[in-house]
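Chemist: Need a 3D model of the sequence below.
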Amino acid sequence: MRKKNPAPNPQFISFPFLGVRYPRLLLWVSGLLLAISCSELPKQSSQPSLHEAQAAADYVGEQVCASCHQLEFQHWSHTAHANIFQQATAQTLAARSCEACHGPGSEHLINPTDLNRIVAFTRRSLTPIKQQNAICLQCHRGGKRIHWPGSSHQNNDLSCSDCHNPMAKLSRQGLLTENSINQTCFNCHQQQRAEFRKRSHMPLPEGKMSCVDCHNPHGSANSALLNALTINQLCYRCHSEKRGPFIWEHAPVRENCLNCHQAHGSNHESLLVTTRPFLCQSCHSNRGHPNDLLTTGQLPGGSLPDARLMNRSCQNCHLQVHGSNHPSGVRFHR
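Modeler: Sure, this is the predicted structure:
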């Protein structure tokens, strides 16, 4: 009697030409992993990258750019860049005019709506911020910009075009995006704008100084983009009478002006961080009268008026609080 073939096992798949059987689950998992790996392969874009487009492009000249961008060209023609580029000698980068910054424009002419074919200096452009800044630094390197690499503005992905607008003369100098340095800085530094509106403030709103008198927006070797090695050296540029040297020095003053003063503005007199005598008592509270508890009864209209709550408070007596050169000025009385 002929022997029947055993019934096929649904859990396995046979490959007679190979003489093997594989579990269905193993084949299913293998197929799934293959599909996932194929889906993660980089897709080939039909559009060229900015680097490829620029490499294949040719220079077309300023007049070709102006034929389409008439308004931009009209605004740009009044700027310092335009004056310099027009006087540039042949075979120099500046002689390329518009294309000195935006790159060769022949690929841009093929498809003007494709932002991947031209260097654009806007936040919505496809040009990386690092590449935008590198184009500006081709000419504007060194000097005050020597500390730009690694500065807080660069680390926060700030673009040159966030502060400067080379295509229009909106400010008296610097080709800024606003009509002044201060307004340009306030676009980001809103807290400092509010501090300058407090009762006591640096004379910046009155136009007697600007942000760059203390800070270098293009980078600094110090914290807060300062223009000096220390806070005190920066303050001494205007407040030279506080520099010293003094016979009797006040330690917190010599350490840091910001121990007692706010840099931009305060609701207390003389930009103090808090009112006197509480500012003085934050250090002088170990013994004697600096440690006395002051209440409303010591106010000028109270039952026991105290001089420390009148006029200049502690400085009614210790008037040389920044330091004294008098032989008897150990307590800053003289």
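Chemist: what about the strands in the protein?
Modeler: For the chain, the strands defined by DSSP state E cover 12-15, 20-23, 200-201, 248-249, 265-266, 323-324.
Chemist: tell me what the last one is packed against?
Modeler: If I follow you right, that is strand 323-324. Judged by 3 or more Cβ pairs under 8 Å, 6 or more residues apart in numbering; DSSP states H and E, strand 323-324 is in contact with strand 248-249. The way it works is simple: take the backbone N, C-alpha and C, and place the C-beta from them, glycine included.
Chemist: what's the strand it packs on packed up against?
Modeler: Using 3+ Cβ pairs under 8 Å, 6+ apart, strand 248-249 sits against strand 323-324.
Chemist: Could you chop the chain up by domain?
Modeler: Under the assignment automatic domain parsing, the domains of the chain span 50-127, 140-227, 237-324.
Chemist: okay if I get those domains as JSON lines plus mean neighbour count, mean pLDDT and distance to Val330?
Modeler: Output for the domains of the chain, formatted as JSON lines (neighbours: other Cβ atoms under 10 Å; pLDDT from 0 to 100; distance: least, Cβ to Cβ, whole Å):
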{"stretch": "domain 50-127", "mean neighbour count": "16", "mean pLDDT": "87", "distance to Val330": "57"}
{"stretch": "domain 140-227", "mean neighbour count": "15", "mean pLDDT": "94", "distance to Val330": "30"}
{"stretch": "domain 237-324", "mean neighbour count": "15", "mean pLDDT": "89", "distance to Val330": "5"}
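Chemist: of all these, which lies closest to Arg331?
Modeler: domain 237-324 (6.2 Å; Cβ to Cβ).
Chemist: and the closest one, how far apart are its ends?
Modeler: 20 Å (Cα to Cα, to the nearest Å).
Chemist: Same question for stretch 302-313.
Modeler: First-to-last residue span, stretch 302-313, Cα to Cα: 16 Å.
Chemist: Relative to the whole chain's centre, how far out is that stretch?
Modeler: 46 Å (Cα atoms, centre = their mean, to the nearest Å).
Chemist: same question, stretch 112-126
Modeler: 23 Å.
Chemist: Using PDB, write out every CA atom in it.
Modeler: Presented in PDB, the C-alpha positions along stretch 112-126 are these (Å, rounded to 0.1, in the frame of the first residue of the first chain):
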ATOM      1  CA  PRO A 112      13.100  82.400  -9.100                       C
ATOM      2  CA  THR A 113      10.600  80.800  -6.600                       C
ATOM      3  CA  ASP A 114      13.100  78.100  -5.600                       C
ATOM      4  CA  LEU A 115      14.900  79.600  -2.600                       C
ATOM      5  CA  ASN A 116      17.500  76.800  -2.800                       C
ATOM      6  CA  ARG A 117      19.100  78.400  -5.800                       C
ATOM      7  CA  ILE A 118      20.300  81.700  -4.300                       C
ATOM      8  CA  VAL A 119      21.700  82.900  -1.000                       C
ATOM      9  CA  ALA A 120      19.000  84.800   0.800                       C
ATOM     10  CA  PHE A 121      19.500  86.600   4.100                       C
ATOM     11  CA  THR A 122      16.100  86.000   5.800                       C
ATOM     12  CA  ARG A 123      14.800  83.700   8.500                       C
ATOM     13  CA  ARG A 124      12.600  81.900   6.000                       C
ATOM     14  CA  SER A 125      15.400  81.300   3.500                       C
ATOM     15  CA  LEU A 126      17.000  77.900   3.000                       C
END
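Chemist: Any idea which of the domains of the chain gets closest to His333?
Modeler: Using Cβ to Cβ, the nearest of those to His333 is domain 237-324, at 6.1 Å.
Chemist: just how off-centre is that closest one within its chain?
Modeler: 34 Å.
Chemist: now swap in stretch 137-156 and tell me
Modeler: Worked out by Cα atoms, centre = their mean, stretch 137-156 lies 11 Å from the chain centre.
Chemist: Present the domains of the chain as CSV; the columns should include distance to Arg334.
Modeler: CSV is the format used below for these (distance: least, Cβ to Cβ, whole Å):
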stretch, distance to Arg334
domain 50-127, 55
domain 140-227, 27
domain 237-324, 6
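Chemist: Of those domains, give the one that comes closest to Asn133.
Modeler: domain 140-227 (5.4 Å).
Chemist: gap between the two ends of that closest one?
Modeler: Taking Cα to Cα as the measure, domain 140-227 stretches 19 Å from start to finish.
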